[in-house]
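> Structure, please.
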Amino acid sequence: MMSVQQRGPYSSLRAAVASFFERPLRDVPAFEHAQDWREEVNVWLREQRIPSRLFVFEATRVPTALSSCLILVFGVARGGYHCVIQQGDELVHDPHASGDGLERITHVGVFADLDACASQRNRDPFTRQPDTSLGARRLRLCDHCDAVHSSRVGGYATQFCSRTCADEARAAVRA
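The predicted structure follows:
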């Protein structure tokens, strides 16, 4: 992975994406200023013909299921919003010159390789039925099993990835 440093405040996402995809900073737009920066990252990926899509979900820690993956981690550092690259809990690259990482995690971002999952694209991950709105759904971390899931699962309030996890969690609370 190429190590690209941010230039100025509010450019950590740009530098992290440049590092992740081994591109010079000048070739990556300033996503941070876009109203929907997540979508702007995905538009740039399509324009560059990079077969990936960025999915970002709320999290206060890196999920166990992603411990072996390189991921973008968003949070608070030096009094502002910041983005770094991690593998599990290990800091791989901090675009800021200090290299201090994050004080607190607020979101985790995963680049899905569209070539690798082409057979599952446009399918709901739980029902396996065609679902063209999956990319627009809000992704979250299951409070029970660390799985990443969409926010419209089984009628629950987006905390669990399946009815089984919700039922197991409720049973554990009753015990």
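
> Which neighbours in the sheet does the biggest strand by length in the chain have, and how are they oriented?
Assignment by DSSP state E gives strand 104-113 as the longest strand of the chain. Strand pairing for strand 104-113, determined by DSSP bridges: strand 52-58 (antiparallel), strand 70-77 (antiparallel).

> Quick one: those as TSV, columns for mean pLDDT, mean neighbour count and distance to Phe111 too.
All C-beta spots, glycine's among them, are computed from the backbone N, C-alpha and C. Listed next are the strands paired with strand 104-113 as TSV, based on pLDDT from 0 to 100; neighbours: other C-beta atoms under 10 Å; distance: least, C-beta to C-beta, whole Å:
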stretch	mean pLDDT	mean neighbour count	distance to Phe111
strand 52-58	90	18	4
strand 70-77	87	19	8
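
> With distance to Arg7 added, can I get those strands in CSV?
Formatted as CSV, these follow (distance: least, C-beta to C-beta, whole Å):
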stretch, distance to Arg7
strand 52-58, 21
strand 70-77, 17
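
> quick one: low-confidence parts of the chain?
Low-confidence segments of the chain (pLDDT under 70): 115-175.

> Show me which residues of stretch 98-113 are buried.
Buried residues in stretch 98-113, counted by 16 or more other C-beta atoms under 10 Å: Gly101, Leu102, Ile105, His107, Val108, Gly109, Val110, Phe111.

> Actually, stretch 80-98.
Quick answer for stretch 80-98 (16+ other C-beta under 10 Å): His82, Cys83, Val84, Ile85, Gln86, Val92, His93, Asp94, Pro95, His96.

> Which of those fall in strands?
If you go by DSSP E, the buried residues of stretch 80-98 have His82, Cys83, Val84, Ile85, Gln86, Val92, His93 in strands.

> pretty sure the fourth one is in contact with Val17, am I right?
Put plainly, it is Ile85. No - Ile85 sits out of contact with Val17 when judged by C-beta atoms under 8 Å, with a separation of 9.5 Å.

> Need the residues touching each of the two.
Leu72 (C-beta atoms under 8 Å, 6 or more residues apart in numbering).

> follow-up on the earlier one: which pair in the ones in strands among the buried residues of stretch 80-98 spans the largest distance?
Greatest spacing in those, by C-beta to C-beta: His82 and Val92 (14.4 Å).

> And stretch 87-102, end to end?
14 Å (C-alpha to C-alpha, to the nearest Å).

> what sits up against it?
By C-beta under 8 Å, 6+ apart, the list of residues contacting stretch 87-102 from outside reads 1, 3-6, 11-12, 15-16, 19, 62, 66-71, 73-78, 82-86.
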